[in-house]
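Q: got a structure for you, letters missing:
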């Protein structure tokens with residue numbers, strides 16, 4: 001699960017860079033769809049830099065939005081999966097040591 005979450009996150013970052021931004025911080029105004037630019041590079045909004053947007057088709061906007069939300073779900077689940085794997089692995093190792 002961790003590997004899938006990580007791959008999904010990396011894919012989101014790479015694709016967002018290629019299409020010019022991401023839709024989670026983007027906007028829709030008067031039927032025009034805008035991706036937010038710079039969040040992938042900066043990580044957080046910078047109050048000193050004005051918001052920048054790039055107009056895209058509705059399909060690209062929706063794709064970016066769905067992919068972004070999938071990252072918000074999968075990445076934490078992957079971290080939880082990795083943590084449970086470590087805990088289970090330690091318990092399993094401890095059980096095998098006690099048997100011998």
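A: Right, received. Where do you want to start? Because the structure is a prediction, the values reported are computed rather than measured.

Q: avg pLDDT for the longest helix anywhere in the chain?
A: When the chain is parsed with DSSP state H, its longest helix is helix 58-99. Across helix 58-99, pLDDT averages out at 85.

Q: by contact count, what packs against that helix?
A: Under the contact criterion of 3 or more CB pairs under 8 Å, 6 or more residues apart in numbering; DSSP states H and E, helix 58-99 touches helix 2-19, strand 22-29, strand 32-36. For the C-beta atoms, the positions are set from N, CA and C on the backbone; glycine is no exception.

Q: who touches the first one?
A: With CB atoms under 8 Å, 6 or more residues apart in numbering as the contact definition, helix 2-19 has outside contacts at 22, 35, 40, 56, 60, 64, 67-68, 70-71, 74-79, 81-82, 85.

Q: Just the buried subset of these, please.
A: Among those, those classed as buried by neighbour count (16 or more other CB atoms under 10 Å) are 22, 35, 40, 56, 60, 64, 67-68, 71, 74-75, 78, 81.

Q: Tell me which two in those residues are the farthest apart.
A: Greatest spatial distance in those: 56 and 81, 32.8 Å, computed using CB to CB.

Q: residues in contact with residue 57?
A: Contacts of residue 57 by CB under 8 Å, 6+ apart are residue 33.

Q: separation between it and residue 27?
A: Distance of residue 57 to residue 27, computed by CB to CB, to the nearest Å: 15 Å.

Q: What distance do you get for residue 86 to residue 69?
A: 27 Å.

Q: Without its sequence neighbours, what residue ends up closest to residue 36?
A: Leaving aside its sequence neighbours, residue 36 sits nearest to residue 25 (CB to CB, 6 or more residues apart in numbering; 3.6 Å).

Q: Am I right that the one you found is in contact with residue 37?
A: No - Residue 25 is beyond contact range of residue 37, at 9.1 Å (criterion: CB atoms under 8 Å).

Q: quick one: contacts for residue 75?
A: 5-6, 8-9.

Q: Any of those residues buried? List them.
A: Among these, those classed as buried by 16+ other CB under 10 Å are 5, 8-9.
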